[in-house]
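> Have a look; sequence and predicted model below, questions after that.
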Amino acid sequence: MTDWSRLNHAYGTAQDIPGLLDAMSPDPEDACWERLWSCLCHQGAVFSASYAALPALAGAARRWSVTERRPPLYLAGAIVASIDRPDDSEHPLLSHPAEIAELRRLTEEALRDPGLRGAPLNYVQLLGTLLSFEGVEVWGEQIDGLNGEEYELPCPACETENYVVFGEHGYFSTVDSMYMNHPPAKRFPLRPQNPAAMQGLAGRLHTRILADGHPDLAHKLTYVFGTAQCAECGAPFDVAEAVVARWGA
């Protein structure tokens, strides 16, 4: 039996968390979700109560349909992915292996929902959630760049911030933050990775995304794991390596 009075969340004692967990509903607009996110994953930080909530989040996901279970999966995935953890805490992959194994299974089921074929935003969110439960560092959260169609990354050579853009506005790097309003005067084309040469995580993701029926996302992924050129100094850099360098532990 969890003694919530001995646990903390972002605002202090966690005595209110059982009531919030009992109030969870499949409606993502329900006010309980905003409160749970604010308490348990506040600006990316997690607390002792965050990990204690994982069994209840897994239970809700288990009870609900593949579409309805997305809110608890998203929150649980963000909790597991967080690198801003209590100093004395064990990584949740070690402290809650059974719950995370179940959450991973439930996410796999949700990813097979035929309705995701026309919902790439939700698909990418669930894919990132799955990566978090698999223990893949950085990409559990940062694969969401496929939705935003850009990464803001410092050049490894000169440290100038570059916008690495891939999608509706083109495929290029620029230092112009207003590129979406006008074509930047200075931009360099990105060089995608050949899908046939994609190995490891990149190859696994590309193969899966194609198999799941999202060719546009698979195409963008080749740029995420491709090469950019700094729009300030001209130095080439690996986009995926820059993502890991910026958001890694």
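Happy to help now that I have it.

> And for residue 29, the neighbour number?
As a burial measure, residue 29 scores 8 neighbours (other C-beta atoms under 10 Å). Where C-beta positions appear, they are placed from N, C-alpha and C, glycine not excepted.

> Residue ranges of each domain in the chain, please.
Per automatic domain parsing, the domain ranges recorded for the chain read 4-139, 145-247.

> would you turn the ones you listed into JSON lines with mean pLDDT?
Below are the domains of the chain laid out as JSON lines (pLDDT from 0 to 100):
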{"stretch": "domain 4-139", "mean pLDDT": "95"}
{"stretch": "domain 145-247", "mean pLDDT": "96"}
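
> where does the residue nearest the centre of the chain land on pLDDT?
For the chain, residue 141 is the residue whose C-alpha lies nearest the centre (C-alpha atoms, centre = their mean; 2.3 Å). With respect to pLDDT, residue 141 scores 93.

> Following the chain onward from the helix or strand containing it, which element is next?
Using DSSP states H and E, residue 141 sits in helix 139-142. Downstream of helix 139-142, the next assigned helix or strand under DSSP H and E is helix 145-148.

> what residues does that following helix touch?
Residues outside helix 145-148 that contact it (C-beta atoms under 8 Å, 6 or more residues apart in numbering) are 120, 121, 124, 125, 151, 217, 220, 221, 224, 243.

> ok, the first one touching residue 219?
This means residue 120. No - between residue 120 and residue 219 no contact is recorded; they are 11.7 Å apart, counting by C-beta atoms under 8 Å.

> From residue 111, how far off is residue 212?
7 Å (C-beta to C-beta, to the nearest Å).

> Find residues that contact each of these two.
Listed as contacting both residue 212 and residue 111 by C-beta under 8 Å, 6+ apart are residue 123.

> okay if I get the contacts of helix 145-148 as a markdown table plus neighbour count?
Formatted as a markdown table, the contacts of helix 145-148 follow (neighbours: other C-beta atoms under 10 Å):
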| residue | neighbour count |
| --- | --- |
| 120 | 18 |
| 121 | 11 |
| 124 | 21 |
| 125 | 20 |
| 151 | 22 |
| 217 | 22 |
| 220 | 21 |
| 221 | 25 |
| 224 | 24 |
| 243 | 20 |
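
> what's the spacing between the residue nearest to residue 37 when sequence neighbours are not counted and residue 19?
The shortest distance from residue 37 to any non-neighbouring residue, by C-beta to C-beta, 6 or more residues apart in numbering, is to residue 75 (6.2 Å). As judged by C-beta to C-beta, residue 75 and residue 19 stand 16 Å apart.
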